[in-house]
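Chemist: attaching a predicted model along with its sequence, questions to come.
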Amino acid sequence: MDPHLLRTYVTVARLASFSAAAQELGYTQSAVSQHIAALEQDLGAPLLTRRPVAPTAAGERLLEHAALLLLRLEAARAEVKRTAAAPGHGLTVAVTPTALRERTAALLPHAGVTVRVLPRDEIPATVATGHAELGVVDGVAAPSDPLRLPDVAPLTTRGVAEEPVHVVLPVRHPLAGRTGLRLADLVDARWLDAPGAGLPLDGLRTVLGGGGLRPALRYEGADVRTLLTLAAAGHGLTLLPASLAAGVPGLSAVPLTAPRVVHRTELLHTGTLRGPAADLAAALTG
């Protein structure tokens with residue numbers, strides 16, 4: 001299967017337009033039509049209806065595989081280029097907002113570093129495709145269990161740290177004085193839905209059987225301080241690692257006692273690290 005044809009198909013399906021796909025890809029509309037026809041002939045099935053432009057049943061199945069296939073090809077290209085590159089180029093590190101801690105920041109080289117703050121689900125692909133040499137990602141997991149990350153390409157994952165998870169709530173909240181809280185007792189509470197700045201609720205919903213944790217307000221930014229301000233104003237509870245939750249004026253941080261989970265941070269990379277990337281990885285995981 002020709003990846004160029006596959007990329008054209010994915011673009012047409014996403015934009016629902018041959019002409020728009022041609023403009024985005026820099027092809028003529030005739031060339032786009034020829035690509036789709038060649039791919040359909042190769043696979044022996046129609047992939048798109050023409051009016052309107054939409055995937056057929058066979059086309060939908062292809063789309064389920066296409067994104068991962070194209071990503072793996074890009075990852076392979078990036079790995080080959082990285083292996084052949086001369087050492088000494090700048091270092092790019094992709095991190096989640098709650099993974100960039102004081103210790104991590106202190107270990108970064110003092111020159112030639114770019115730090116990219118990204119959502120958790122984007123970091124594996126960013127590292128796999130060579131847009132960052134290292135990824136530092138975090139999430140909620142059972143003690144000593146690895147994080148469940150998107151399977152985008154062969155990646156090396158190494159544990160960096162684990163610490164308790166705390167429920168963050170205003171000091172005036174009736175539960176603020178507790179020594180511990182069970183998540184099952186909070187399923188009907190108001191929660192802040194902050195996938196970019198706090199610990200994701202989806203994994204905990206799975207632990208609870210898919211119910212509860214009703215969001216009252218959604219925050220789509222990545223700034224932890226803004227999330228804490230919203231929590232202090234009473235817009236909802238949130239979950240944070242203990243070191244980020246403690247000592248914030250107007251807020252109480254109560255340990256989560258059940259389910260038994262921790263905030264886990266992991267380092268991601270591909271291939272064999274060299275130079276500043278290898279030094280930073282050794283410092284973070286040593």
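Modeler: Received, thanks. Numbering: from 1, shown residues only.

Chemist: what's the weakest-modelled helix or strand in this protein?
Modeler: helix 202-207 (a mean of 72; mean pLDDT, DSSP states H and E).

Chemist: downstream of that helix, the next helix or strand is which one?
Modeler: strand 215-218 (DSSP states H and E).

Chemist: each with direction, which strands does that next one pair with?
Modeler: Counting by DSSP bridges, the strands paired with strand 215-218 are strand 191-193 (parallel).

Chemist: tell me the phi and psi of residue 271?
Modeler: Main-chain dihedrals, residue 271, degrees, to the nearest 10: phi 60, psi -160.

Chemist: what about it, distance to residue 78?
Modeler: According to Cβ to Cβ, to the nearest Å, residue 271 stands 9 Å off from residue 78. All C-beta atoms are positioned from the backbone trio N, CA, C, and that covers glycine.

Chemist: try residue 205
Modeler: 34 Å.

Chemist: model confidence for residue 182, exactly?
Modeler: For residue 182, the pLDDT comes out at 92.

Chemist: let me fix that: residue 110
Modeler: pLDDT, read off for residue 110, is 85.

Chemist: for it, helix, strand, or coil?
Modeler: Under DSSP: H, G, I helix; E, B strand; the rest coil, residue 110 falls in the coil class.

Chemist: okay, residue 271 and residue 78: which has more neighbours?
Modeler: Set residue 271 next to residue 78 and count neighbours by other Cβ atoms under 10 Å: residue 78 wins out with 18 against 14.

Chemist: is it true that residue 163 lies in a strand?
Modeler: Yes - membership of residue 163 in a strand is supported by three-state DSSP.

Chemist: hey, what's it bridged with?
Modeler: In beta-bridge terms (that is, DSSP bridges), residue 163 pairs with residue 263.

Chemist: surely it and residue 255 touch.
Modeler: No - counting by Cβ atoms under 8 Å, residue 163 stays clear of residue 255, with 10.7 Å between them.

Chemist: now do the shared contacts for those two.
Modeler: Here residue 163 and residue 255 share the contacting residues residue 242, scored by Cβ atoms under 8 Å, 6 or more residues apart in numbering.

Chemist: and the residue of the chain positioned farthest from its centre, how far is that from residue 22?
Modeler: The C-alpha centroid of the chain is most remote from residue 30, which lies 37.2 Å away (Cα atoms, centre = their mean). Distance, residue 30 to residue 22, by Cβ to Cβ: 8 Å.

Chemist: distance of the spatially closest residue to residue 98 that is not a sequence neighbour from residue 263?
Modeler: Once flanking residues are discounted, residue 98 sits nearest to residue 138: 5.5 Å by Cβ to Cβ, 6 or more residues apart in numbering. Residue 138 sits 6 Å away from residue 263, going by Cβ to Cβ.

Chemist: same check on residue 120?
Modeler: Residue 120 is 12 Å from residue 263, by Cβ to Cβ.

Chemist: more neighbours: the two, which one.
Modeler: More crowded of residue 120 and residue 263, by other Cβ under 10 Å: residue 263, with 25 against 21.

Chemist: how about the more buried one, what does it touch?
Modeler: Neighbour list for residue 263: 98, 138, 139, 140, 162, 163, 164, 165, 199, 240, 241, 242 [criterion: Cβ under 8 Å, 6+ apart].

Chemist: next: residue 235.
Modeler: Going by Cβ under 8 Å, 6+ apart, residue 235 touches 190, 192, 216, 217.

Chemist: for residue 158, same thing?
Modeler: Counting by Cβ under 8 Å, 6+ apart, residue 158 has contacts 266, 267, 281, 285.

Chemist: ok, now with 7 Å
Modeler: Residue 158 is in contact with 266, 267, 285, counting by Cβ atoms under 7 Å, 6 or more residues apart in numbering.

Chemist: are any of those residues buried, and which?
Modeler: Buried by 16 or more other Cβ atoms under 10 Å: 266, 267, out of the contacts of residue 158.

Chemist: okay, the contacts of residue 158 in TSV with pLDDT and secondary structure next?
Modeler: As requested, the contacts of residue 158 are arranged in TSV below (pLDDT from 0 to 100; DSSP: H, G, I helix; E, B strand; the rest coil):
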residue	pLDDT	secondary structure
266	96	strand
267	97	strand
285	93	helix
